[in-house]
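In: Show me how the following folds:
(2 chains)
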Protein chains: 2
Amino acid sequence: MAEPAPVLRAATDPRWFAAAVEHWQELLIDHANCEKKAASTALALMFAYPEDVEAAQRLSRLAREELRHFELVQQKLQELGVPQRRLSPSRYAEGLRRAARRQEPERRLDLLLIGALIEARSHERFMGLIPRLPAQIGEFYASLVAAEARHVGLYLRLAARAGYAAPEIEGRLTELASIEAELATSPDEQFRFHSGTPGS
Amino acid sequence: MAEPAPVLRAATDPRWFAAAVEHWQELLIDHANCEKKAASTALALMFAYPEDVEAAQRLSRLAREELRHFELVQQKLQELGVPQRRLSPSRYAEGLRRAARRQEPERRLDLLLIGALIEARSHERFMGLIPRLPAQIGEFYASLVAAEARHVGLYLRLAARAGYAAPEIEGRLTELASIEAELATSPDEQFRFHSGTPGS
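Out: Modelled structure (predicted):
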C-alpha cells in the first residue's frame, strides 16, 4: 500500500482520534455522507470540464468507487444497528471550497488540489483510526484505506495532466494545504469525519 | 429481457429515428451526457432523502451503472474517432423538471416518476435504434438496453416503497407521461437523444 504524497501540513491531533473512538456512530454516519459527497464532487468536475475525456473517465471510475464505499458504509451501519440520521456537514469542505479561486484556469487547479487534500486527510485519519477502533470497524476501514491513497495521486496527476506547471502546482498546493491544516486541526466544537481538534 | 412497464403515452416518431441515423455522432455525444446526468439525478435523490437507506443503496448502484455506461460511451466515441464537443442539453429534462411539484411529499413522487419516464423513453429509443444503426453502434446499444428497462422498474418500485398509494402513483404517472410524450414527440428544431420530432 503506497503512502500518499506528503501533502498535509499538520497532523490530526490525538484528541480528535479519542473523540472518534467515543463518537464512532457519528463518525460512520458522517463518513457515509463524505463518500457520497466525494462522488458528487467528482461528477461536478466531469460536468465542468467535459472536453477532457481522459479526466472524465478517471473521475467517473473514482465516483463509482466512492459510491461503492458509500454502500459498504451504509451496510456496516445496518450490521451494527446504528440508526440513520441527518448530520449537518462540518465546516471543512465548505471552508476549502471558499478558498478556491473563481476564475479559470485557476479554479480548476484549485478544485483538483482540494480533492487531493481531502483524500490525503481521509487517508491520514483512516490510518490513525484502524488501530484505535474496535476490530469490526478497524478492519473495515483497513479495507477502504488503499483507495484514499490512490485518489490523492489521481487528483495530483489530473492537475499535472491539465497542463499546470509543476512550480505553480507546488506553490498553490502549499497555500491550500495551510488552509486545510487550519480547518483540520484548529479548535472545533462539532465532531465530524473532517472536523478540527475537539474542545477549545 | 423484460419489457418496461408500458408507461409511455406516445411512440417516438420515425422521423426522429431517421435523424438519429444521420446525426449518430451527436446522438452518441449527447448520450454520454445523458448517462452522466442520470447518475447526477440519482445522487440528488440520495442527498434529498438520506433517511431512506434502502432507496439510497439502490440509487447508488444505479448511479454506478450509469457512470459505467458513460465510460463505455466515451470509449466508443474514441474508437469511432468522434471528437468530443460541448452540446447544449435538450428541452426534455428541463421540461420534465419544471413539471415536478415543489412541496413534499409530492415532489419526491414526481422526481421518482420522472426518473421512470426518462428511463422508459431511453429504452424505447434504444430498441428502435438497435436495428437502424450501423452494426458497430447497434450492437453496443443492444448491450446497454436491458439496464434501461430495469431502471424503469426500479424507479416505480421506489415510489411504491416510499409509501405513496397505488392510485396516487397511477394518476400522477398518467399526468407526467402526457407531459413527457409532448416533449418527446412535438416538433423540435434541435436534435438530441431525448429531442422531439425533427422539423416543423
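In: and stretch A:43-54, how far apart are its ends?
Out: Start-to-end span of stretch A:43-54 (Cα to Cα, to the nearest Å) is 14 Å.
In: swap that for stretch A:88-106, please
Out: Start-to-end span of stretch A:88-106 (Cα to Cα) is 29 Å.
In: now it, how far from the centre of its chain.
Out: 13 Å (Cα atoms, centre = their mean, to the nearest Å).
In: close to chain B, is that stretch?
Out: No. Stretch A:88-106 does not reach chain B (Cβ under 8 Å from any Cβ of the partner chain); its nearest approach is 10.9 Å. Bear in mind the C-beta positions are built from the backbone N, C-alpha and C, glycine included.
In: per-residue confidence at A:Ala146?
Out: The predicted local confidence for A:Ala146 comes out at a pLDDT of 89.
In: Can you classify it by secondary structure?
Out: Secondary structure, DSSP: H, G, I helix; E, B strand; the rest coil: A:Ala146 is helix.
In: And for A:Leu8?
Out: State at A:Leu8, reduced to three classes by three-state DSSP: coil.
In: so it makes contact with A:Glu119?
Out: No. In this structure, A:Leu8 is not within contact of A:Glu119 by Cβ atoms under 8 Å, at 10.7 Å.
In: For chain A, which segments count as helices?
Out: Per DSSP state H, chain A carries helices over the ranges A:14-22, A:24-48, A:53-79, A:91-99, A:106-129, A:135-161, A:166-185.
In: Save the ones you listed as CSV, and put in mean neighbour count too.
Out: Below are those laid out as CSV (neighbours: other Cβ atoms under 10 Å in any protein chain shown):
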stretch, mean neighbour count
helix A:14-22, 16
helix A:24-48, 21
helix A:53-79, 20
helix A:91-99, 16
helix A:106-129, 22
helix A:135-161, 18
helix A:166-185, 17
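In: To B:Leu96, which of the ones you listed lies closest?
Out: Closest approach to B:Leu96 among those is made by helix A:24-48 (18.6 Å; Cβ to Cβ).
In: Give me every residue in chain A that's in contact range of chain B.
Out: Residues of chain A lying close to chain B by Cβ under 8 Å from any Cβ are A:33, A:36, A:39-40, A:43, A:46-47, A:50-51, A:53, A:56-57, A:60-61, A:63-64, A:67-68, A:70-71, A:74-75, A:77-78, A:84-86.
In: one more time with 6 Å, if that's ok
Out: When proximity is defined as Cβ under 6 Å from any Cβ of the partner chain, chain A approaches chain B at A:40, A:43, A:51, A:53, A:57, A:60, A:63-64, A:67, A:70-71, A:74, A:84.
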